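Participant: Take this sequence and fold it.
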Amino acid sequence: MELKEIIASIDAVQIPEQAVITQLKHPEDNEPYQVWTIQGHDRYILKEAKEYEAEIYQTILSTLNKDSFPVVYQTAAANGKKYLLMEYIEGKDLCRCSRSKLTLALDALISMQRETWENQDLMDLGYSFEESLPSRQKRGKYLNDPLLEKTYQKFLELYQSLPKALCHDDLLPFNVIVSDGRAVLIDWEYGGLLPYPTSFARLIAHSEEAENALFYMTDADKNFAIDYYYEHLLKEKGITYSQWRSTLEYFLFFEYCEWVFVGNRHGATDSPFYQKYLPIARHQARKLVSVDTQS
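Facilitator: Here you go, the predicted structure:
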C-alpha cells in the first residue's frame, strides 16, 4: 500500500487530496526516515510506528497529562506495519538549549515520572525494565577495557536496584519540542517504566558548550537541570542529594559507553565518535573509581 493510500484510509481528520506530503530527515545524519508532514488545511505528522511506540501511546501515555506528548488522532495498518497520524508540534527543539526551554522540558519529564513512579500496573507495558536489561548487559560485553568493564558492572548493579518511572529511552535534545509554553516529548519508539535517571541522563550527557556542537548546553544549565530535577521530584521521593549525584554519574558513564560499544561491536574503532567517547568514558570511570575508593 502506497503512502497516499494509507492517508486516504484515515478518517479521523479530513485530509484533502492535494495535501503536500514531505518526508523528514534525521537531525543527526540528514538521512530520510519514516516520518512525513502532511500539509493541507491543517498540518499533521504521519509516522511509521517503530518497536513499542503504538503500544506506549495506547496504554501508558493515554493515562497521562496530554500536554507533554503529541496527540495521536488515528492508527492505520498497512503491509504489516502500523502508522500513527499525530499532532504536528510547531516549535523549537532543545538542540540549542536555553534555560527557559530546558525548564519546560524538565517540567514535562517530572510530571510524567511523578504520575507513573513505581506504578505496578504499568511495569510490563512498552519497553519495560525486563526488555531493556539484556541490551544494557550486551553493551558491557563489548567495552574491551578492564577499567570500563569493572565500572560498567557497578552500573548494571545500580540499574537493577533503582525505583522505576516512565522514561523515554532516547531523550536526546531533538526529541523535545518546545511550543506555546510547553515542552512535548516526541518519538516514543522506546518508552516504559525504567530506572528513573534513564531519560534525564540521556538528555544532558551528550551536550557541549561549543557553539558548533550538535547539542549545545552550558555547564551552568546542566547544573541547573541536575538541581531542578532533584528539588522538584527526587527530594519528595526520599532520595538524598548525594545519592542522586552518585547515581547520575553512573548513568552518564553508561551514556558515554554507547559509542565505545558501537565501535568495538562493529569494528569501527577508527570512527570519530569512538575516538571522542573512549577517553570520556575512561575519564568518567576513573572518577567513579576515585569516589568509591574515598567512600
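Participant: all strands of the stretch 1-150 of the chain, in order?
Facilitator: Under the criterion DSSP state E, counting those that start in this stretch, the stretch 1-150 of the chain carries strands at the ranges 20-25, 32-39, 43-48, 72-78, 81-87, 92-93.
Participant: among these, which is nearest residue 236?
Facilitator: strand 92-93 (29.1 Å; Cβ to Cβ). C-beta: built from backbone N, CA, C; applies to glycine.
Participant: what residues does the closest one touch?
Facilitator: 27, 101, 173, 174, 175, 176, 177, 178, 179 (Cβ atoms under 8 Å, 6 or more residues apart in numbering).
Participant: In contact with the third one, which residues?
Facilitator: Which is residue 173. 93, 94, 95, 97, 203, 207, 215, 217.
Participant: How about the fourth one: what's its closest non-neighbour residue?
Facilitator: I take that to be residue 97. Among residues not flanking residue 97 along the chain, residue 217 sits closest, at 4.0 Å (Cβ to Cβ, 6 or more residues apart in numbering).
Participant: Local confidence estimate at residue 1?
Facilitator: Looking at residue 1, its pLDDT reads 54.
Participant: what's the answer for the one 3 residues further on, then?
Facilitator: Looking at residue 4, its pLDDT is 81.
Participant: Out of the strands of the stretch 1-150 of the chain, which gets nearest to residue 131?
Facilitator: Among the strands of the stretch 1-150 of the chain, if distance is taken as Cβ to Cβ, the winner is strand 81-87, at 18.1 Å.
Participant: any idea of the mean pLDDT in the closest one?
Facilitator: Summarised as a single mean, pLDDT over strand 81-87 is 93.
Participant: quick one: contacts of it?
Facilitator: 6, 10, 12-13, 44-49, 53-54, 57, 70-77.
Participant: Can you tell me the strand partners of it and which way each runs?
Facilitator: Next to strand 81-87 in the sheet, as set by DSSP bridges, lie strand 43-48 (antiparallel), strand 72-78 (antiparallel).
Participant: got the contact list for the last one?
Facilitator: Think strand 72-78. Contacts for strand 72-78 (Cβ under 8 Å, 6+ apart): 1, 5-6, 9-13, 44, 49, 54, 57-58, 82-87.
Participant: Now list the buried members of these.
Facilitator: 6, 10, 44, 49, 54, 57, 83, 84, 85, 86, 87 (16 or more other Cβ atoms under 10 Å).
Participant: Save the residues you listed as JSON lines, and put in distance to residue 286 too.
Facilitator: Shown next, in JSON lines, are the buried ones among the contacts of strand 72-78 (distance: Cβ to Cβ, whole Å):
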{"residue": "6", "distance to residue 286": "52"}
{"residue": "10", "distance to residue 286": "54"}
{"residue": "44", "distance to residue 286": "49"}
{"residue": "49", "distance to residue 286": "42"}
{"residue": "54", "distance to residue 286": "43"}
{"residue": "57", "distance to residue 286": "42"}
{"residue": "83", "distance to residue 286": "47"}
{"residue": "84", "distance to residue 286": "44"}
{"residue": "85", "distance to residue 286": "49"}
{"residue": "86", "distance to residue 286": "44"}
{"residue": "87", "distance to residue 286": "45"}
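Participant: Kind regards, and thank you for your time.
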